[in-house]
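Engineer: this is the structure alone, sequence omitted:
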């Protein structure tokens, strides 16, 4: 679900970085550093996220909606957001799943600059409470890219025999080739653990000696109730993930002997207005008086912001 193009001006990121204790950490004009902080993507993409999640919320109590987790990634070869960027945001619901603590909704979003994706983010929200029935639950995901090397005649014979593997040219000889599988899956659930339907689609790509990458085959697996996915099972057994961790020359410990403590701000209104996240559970001082909450809850992104 796309949002309209917007131009990144100056005041929004300045107010975003000058909140609470961050005022002592960010001196001068944030744009002098050329780039906006990575977590500024929450401001740019917030409207598209709300557009994606609100249709799902039509029969829900929005006062039970809380922010569960965030992850964002700058795409390879791309630069962070800059002043005067003309950007477009898109978002879609990737998953709706029942959990012990409530109904989890996952939203996947992208920021595009000049029509090219530069950043992607995944955010999870939780409707607190107990939810029965899985008829409306599903999961959509991009599978990790996998490379499979056809090292033997057996490898080159077994793969084309799979019902879900379709060569573009039936006469293609696979022996010695290394195929890269880029797939996506869509799963609906019968209950919390068992799918009622599974669909995995995608491409098997081959890099030619001239470095040109072409599609060698398509992947199409569609089934009803299932206790596994033969496509991903095969790739995990015979392939190698392209998403390998990159190790630093010197290890950077993520823990320390002392605790890292964040003191919540007296009011969440400053961050709410700067980030456009004005959920009443973060900013309303009236809700606690109705017994809904013990008090306002700091935004998850506000905690991330303070940590940065």
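Structural biologist: Cool, the structure landed. Nothing here was measured: the structure is a model prediction, and the numbers come from that model. Numbering: from 1, shown residues only.
Engineer: please count neighbours and contacts with C-alpha atoms only from this point.
Structural biologist: Fine.
Engineer: burial check on residue 130, number of neighbours?
Structural biologist: Residues lying near residue 130 (other CA atoms under 10 Å) number 11.
Engineer: now do the contacts for it.
Structural biologist: By CA atoms under 8 Å, 6 or more residues apart in numbering, the residues touching residue 130 are 100, 101, 102, 103.
Engineer: can you check residue 142 too?
Structural biologist: Contacts of residue 142 by CA under 8 Å, 6+ apart are 183, 184, 185.
Engineer: the second one and residue 63: what is the separation?
Structural biologist: Put plainly, it is residue 184. Using CA to CA, to the nearest Å, one gets 33 Å for the distance from residue 184 to residue 63.
Engineer: which of those two has more residues huddled nearby?
Structural biologist: Using other CA under 10 Å as the criterion, residue 184 and residue 63 rank with residue 184 on top: 17 against 14.
Engineer: sticking with the more buried one, tell me its helix or strand.
Structural biologist: Assigned by DSSP states H and E, residue 184 belongs to strand 178-189.
Engineer: same question for residue 169.
Structural biologist: Per DSSP H and E, there is no helix or strand for residue 169.
Engineer: same check, this time on residue 66
Structural biologist: Going by DSSP H and E, residue 66 is in strand 65-74.
Engineer: which ones are touching the spatially most central residue of the chain?
Structural biologist: The centroid of the chain falls nearest to residue 122 when counting by CA atoms, centre = their mean (2.4 Å). Counting by CA under 8 Å, 6+ apart, residue 122 makes contact with 70, 71, 72, 106, 107, 108, 109.
Engineer: hmm, 6 Å instead?
Structural biologist: Contacts for residue 122 were tallied using CA atoms under 6 Å, 6 or more residues apart in numbering; they are 70, 71, 107, 108.
Engineer: which among those end up buried?
Structural biologist: Among the contacts of residue 122, the ones that count as buried by 16 or more other CA atoms under 10 Å are 70, 107, 108.
Engineer: just the pLDDT at residue 60, thanks.
Structural biologist: On the pLDDT scale, residue 60 is placed at 68.
Engineer: equivalent analysis for residue 240, please.
Structural biologist: 93.
Engineer: what's the burial count for it?
Structural biologist: 16.
Engineer: relative to residue 163, how far out is it?
Structural biologist: Distance from residue 240 to residue 163, by CA to CA: 22 Å.
Engineer: can you list the domains in this structure?
Structural biologist: Using automatic domain parsing, the domain parsing of the chain gives 6-142+248-307, 146-241.
Engineer: quick one on the thing from earlier: in TSV: the buried ones among the contacts of residue 122, plus distance to residue 139 and pLDDT.
Structural biologist: Output for the buried ones among the contacts of residue 122, formatted as TSV (distance: CA to CA, whole Å; pLDDT from 0 to 100):
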residue	distance to residue 139	pLDDT
70	17	82
107	11	92
108	12	91
